[in-house]
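S.K.: Fold the stuff below for me.
(one chain, ligands or ions: 1)
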Amino acid sequence: MQEEEEHVVPLLDVRGLRVDSASRGLLQGVDLTVEPERRVGVLGASGSGKSLTVAAVLGLLPPALRATGSVRLAGAEVLGVPAARRPPGARPGVVRQDSAGALHPLLPVGRQLALPLGGSRAFARARVLETLESLGFRDPGRIAGALPSELSGGMRQRVCLALALMTPSSLLVADEPTTALDVVTQAGVVSLLRDRTGPGTGRALLFVTHDIAVVAALCDELVVLSDGRVVEHAPVEDVLASPGHERTRELITAARTVEAHLYATAEAP
Ligand SMILES: Nc1ncnc2c1ncn2[C@@H]1O[C@H](COP(=O)(O)OP(=O)(O)OP(=O)(O)O)[C@@H](O)[C@H]1O
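M.R.: Just a heads-up that it's a prediction; the model follows:
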């Protein structure tokens, strides 16, 4: 008897995604899947197509660009459908590099966090305080009453993560969330993302970055984009041990060079 192959339905299934401007092709047919509770890193040099791919997943492509292909999220076709018109499960939570821009500047963060929640005010407040506390805020009541401008960059990034966790979607999209942070704060955000996504959490992660070291610390799989195409998609440890594409080798070599330089600088008298 033939052994039955395990078939996992992807949570996110991007197929043949092309994005064209009036003058040229920007994405040349991106294929990308994220299975439930997996953490997938998307790596690529500047201009390789990471932001456009994420924008298509989030429903944020600029109207002047033409997109074809398919983006299925939690069973729904969502290519070209803005987040507000999608079923709740197909509106991913998002954490971006620009935490200040992602939050309303004049609304206390507790009120912003309560917006996606239904139920009574007391229920929403309890849920907000509990989420803030679970993300390491020692005085969640004070944070809930603060304006975004009254928080540090790292604190704002944790508030954005709290906001993303309020959404009912099983996909969290993180677009360069640690780039603007110092190394210690960066490590804290990576560790929170690791706790809140992956096996047993009910959430998968699509993590976009330039930083291969962060992908190695956080992700199960790595997708490498180059010139608007996926050139490699494999488990992280396999890619690091034996990169299958020239572009991946370049990214790994570049990361090692930076690391070696940092060590040399740190050890210099
Ligand atoms: N609105 C737009 N109109 C025309 N071209 C665009 C637009 N947005 C992006 N592009 C082009 O599409 C290509 C991919 O851009 P994208 O922003 O996805 O790259 P990226 O990998 O996210 O780069 P970075 O790491 O620098 O953010 C680039 O050549 C970029 O110039």
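
S.K.: Just the buried positions in the helix or strand hosting residue 187, please.
M.R.: For residue 187, the host element (DSSP states H and E) is helix 183-196. Neighbour-count burial for helix 183-196, counted by 16 or more other Cβ atoms under 10 Å, picks out 185-186, 188-190, 192-193, 196. C-beta: built from backbone N, CA, C; applies to glycine.

S.K.: so can I have CSV of the residues you listed showing distance to the ligand?
M.R.: Output for those, formatted as CSV (distance: Cβ to the nearest ligand atom, whole Å):
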residue, distance to the ligand
185, 21
186, 17
188, 23
189, 18
190, 18
192, 23
193, 19
196, 24
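
S.K.: Out of those, the closest to residue 30 would be?
M.R.: Using Cβ to Cβ, residue 193 is the member of the buried residues of helix 183-196 that lies nearest residue 30, at 22.9 Å.

S.K.: Could you pull up the residues touching that closest one?
M.R.: Neighbouring residues of residue 193 by Cβ atoms under 8 Å, 6 or more residues apart in numbering: 39, 95, 161, 172, 174, 177, 205, 207, 218.

S.K.: any idea how far the first one lies from residue 11?
M.R.: When distance is defined by Cβ to Cβ, to the nearest Å, residue 39 is 12 Å away from residue 11.

S.K.: do the last one as well
M.R.: Distance of residue 218 to residue 11, given as Cβ to Cβ: 18 Å.

S.K.: Checking my notes, residue 72 in a strand, right?
M.R.: Yes. Judged by DSSP: H, G, I helix; E, B strand; the rest coil, residue 72 forms part of a strand.

S.K.: Measure how buried it is and give me the count.
M.R.: Number of residues near residue 72 (other Cβ atoms under 10 Å) recorded here: 18.

S.K.: and what of the one 4 residues further on?
M.R.: A total of 12 residues lie near residue 76 under the criterion other Cβ under 10 Å.

S.K.: One more: residue 31?
M.R.: Neighbours of residue 31 using other Cβ under 10 Å come to 15.

S.K.: Am I right that it is in a helix?
M.R.: No. Residue 31 is assigned strand when assessed by three-state DSSP, not a helix.

S.K.: Quick one: residues contacting it.
M.R.: Residue 31 touches 14-17, 230, 233, counting by Cβ under 8 Å, 6+ apart.

S.K.: separation between it and the ligand?
M.R.: 16 Å (Cβ to the nearest ligand atom, to the nearest Å).

S.K.: Tell me the pLDDT of that residue.
M.R.: Model confidence at residue 31, given as pLDDT, is 97.

S.K.: swap in residue 101?
M.R.: pLDDT recorded at residue 101 is 81.

S.K.: so it, which of the three states?
M.R.: Once three-state DSSP is applied, residue 101 turns out helix.

S.K.: Ok, residue 125 next?
M.R.: Residue 125 - assigned by three-state DSSP - is helix.

S.K.: With residue 256 instead?
M.R.: From three-state DSSP, the assignment for residue 256 is helix.

S.K.: for the ligand, what are the nearby residues on the chain?
M.R.: Listed as neighbours of the ligand in the chain under the rule Cβ under 6 Å from any ligand atom: 21, 26, 44, 46-52, 62, 65.

S.K.: same thing but 5 Å
M.R.: Within the chain, the positions near the ligand by Cβ under 5 Å from any ligand atom are 21, 26, 46-52, 62.

S.K.: Tell me which stretches of the stretch 51-200 of the chain form strands.
M.R.: In the stretch 51-200 of the chain, the strands defined using DSSP state E, counting those that start in this stretch lie at 66-73, 76-77, 93-96, 171-175.

S.K.: that older thread, what's the lowest-pLDDT member of the buried residues of helix 183-196?
M.R.: Among these, residue 185 has the lowest pLDDT, at 73.
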